[in-house]
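S.K.: Return a 3D structure for these sequence lines:
(one chain, ligands or ions: 2)
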Amino acid sequence: MSTRHQKKIAMINDLSGYGRCSLTVALPILSAMRVQCCPVPTSILSSHTGFPVYYFDDYTDHMEAYIEKWKELGLTFDGIATGFLGSERQIEIVKDMIVAFKTPETKVLVDPIMGDHGVPYATCTPAMCSRMKSLAAMADILTPNLTEACILLDLPYNDNEGDLKEEELEQLARRLQLLGPSSVVITGIRQGKYLVNVLAEGEKEVYFLKRLAVGEERPGTGDVFSSIIAGGCIRGWNLRDAAELAADFVKDCIIRSGQLQVPVQNGVCFEELLGELCQKAKD
Ligand SMILES: Nc1ncnc2c1ncn2[C@@H]1O[C@H](COP(=O)(O)OP(=O)(O)O)[C@@H](O)[C@H]1O
Ligand SMILES: Cc1ncc(COP(=O)(O)O)c(C=O)c1O
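M.R.: Ligands and ions are numbered 1, 2, ... in the order given. The predicted structure is shown next:
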């Protein structure tokens, strides 16, 4: 009989009803990782913002009362993870939640969603970016892409990712660790035929996780990736094992989505491969 204590994570993210991203990805992926996922919605959308029309309902005004009831119940979490945050106020609410719920055992995972391909998202004002820095400082595990890493470090973005040398990438990861997080994964760096993730875990040597880039870029892959990392790390895996599984799973999902002719805006059809993830996440 296993004596494993099942882990529980509070997942602060948006709920997009169609298009497979954020909470609709985190819930099934964390379940497959054998971790209980408890959502804190930041906004409710009919579909993600890549569709031509969508309904958007900002949940900021409800978040504090929602979290307050969790406090009243005395709930505790092994992990707290954050995804897309749409306003400065939301970032402050999330920071307060971390202060209220974090114990020495709690792992905080921040995906500092602010931009991609060198371009900050429209919602990401300079004030937002500066608050995101203070949230990133509270993380144990930080998963920026290169654009977000540059914003966090106040560095210009070099639009030729392929030219960046390993020493430069290593230095970026080390500088991000100095902001606070003991573990950093810089994701999705395009280098020739490969996508590279730069992994820094404590004082261990920086590791470059390389996979062939396959198919097309699809929404929600970052959410699949960070949910597997969150689940693995909360279960006590080392960062490299969690990131290897995450990179392989995302790659397999993209290949399967191409085979099944899933429209790109619908994200990745991870449901087809969830059984395999369950097997790999066994004790
Ligand atoms: N086309 C792809 N081929 C192979 N792996 C991919 C592909 N797209 C994403 N991945 C994997 O998923 C990770 C996270 O995806 P990415 O799209 O970079 O995240 P984000 O949405 O946060 O920018 C990448 O670092 C990579 O390991
Ligand atoms: C509201 C919302 N959340 C999450 C995502 C997914 O983001 P990513 O592709 O970076 O994983 C999107 C993408 O369009 C989005 O519109």
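
S.K.: Can I take it that residue 226 is in a helix?
M.R.: Yes - under DSSP: H, G, I helix; E, B strand; the rest coil, residue 226 falls within a helix.

S.K.: Next, count neighbours for it.
M.R.: Residues lying near residue 226 (other Cβ atoms under 10 Å) number 26. All C-beta atoms are positioned from the backbone trio N, CA, C, and that covers glycine.

S.K.: what about stretch 47-54 and ligand 2, any contact?
M.R.: Yes - using Cβ under 6 Å from any ligand atom, we find that stretch 47-54 touches ligand 2 at 48-50.

S.K.: Save those residues as TSV, and put in pLDDT, neighbour count and secondary structure too.
M.R.: Formatted as TSV, the residues of stretch 47-54 next to ligand 2 follow (pLDDT from 0 to 100; neighbours: other Cβ atoms under 10 Å; DSSP: H, G, I helix; E, B strand; the rest coil):
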residue	pLDDT	neighbour count	secondary structure
48	95	22	coil
49	92	16	coil
50	93	16	coil
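
S.K.: What segments of the chain are helices?
M.R.: Applying DSSP state H to the chain gives helices spanning 22-32, 60-73, 88-101, 126-136, 146-152, 166-178, 221-234, 239-259, 274-280.

S.K.: Read off the pLDDT value for the residue nearest the centre of the chain.
M.R.: Nearest residue to the geometric centre of the chain (Cα atoms, centre = their mean): residue 226, 3.5 Å. pLDDT for residue 226: 97.

S.K.: residues from the stretch 101-250 of the chain in reach of ligand 1?
M.R.: Counting by Cβ under 6 Å from any ligand atom, the stretch 101-250 of the chain comes close to ligand 1 at 116, 145, 187-188, 195, 197, 211, 213-215, 217, 221-222, 225, 247, 250.

S.K.: Pull out the buried residues from those.
M.R.: 145, 187-188, 195, 197, 213, 221-222, 225, 247, 250 (16 or more other Cβ atoms under 10 Å).

S.K.: Also near ligand 2: which of those, exactly?
M.R.: Answer for those near ligand 2 (Cβ under 6 Å from any ligand atom): 221-222.

S.K.: ok, so of the buried ones among the residues of the stretch 101-250 of the chain next to ligand 1, who is nearest ligand 2?
M.R.: Nearest to ligand 2, judged by Cβ to the nearest ligand atom, of these is residue 222 at 3.5 Å.

S.K.: Now do the contacts for the residue lying closest to residue 38 once chain neighbours are set aside.
M.R.: Nearest non-adjacent residue to residue 38, counting by Cβ to Cβ, 6 or more residues apart in numbering: residue 10, 5.1 Å away. For residue 10, the contact set (Cβ atoms under 8 Å, 6 or more residues apart in numbering) comprises 38, 40, 70, 77, 79-81, 97, 101.

S.K.: mind running it again at 10 Å?
M.R.: 36-40, 67, 70, 75-82, 94, 97-98, 101, 106, 108 (Cβ atoms under 10 Å, 6 or more residues apart in numbering).

S.K.: So in terms of bridging, what pairs with it?
M.R.: Taking DSSP bridges as the rule, residue 10 bridges to residue 38, residue 80.

S.K.: do stretch 41-57 and ligand 1 meet?
M.R.: No - using Cβ under 6 Å from any ligand atom, stretch 41-57 never reaches ligand 1; the gap is at least 11.4 Å.
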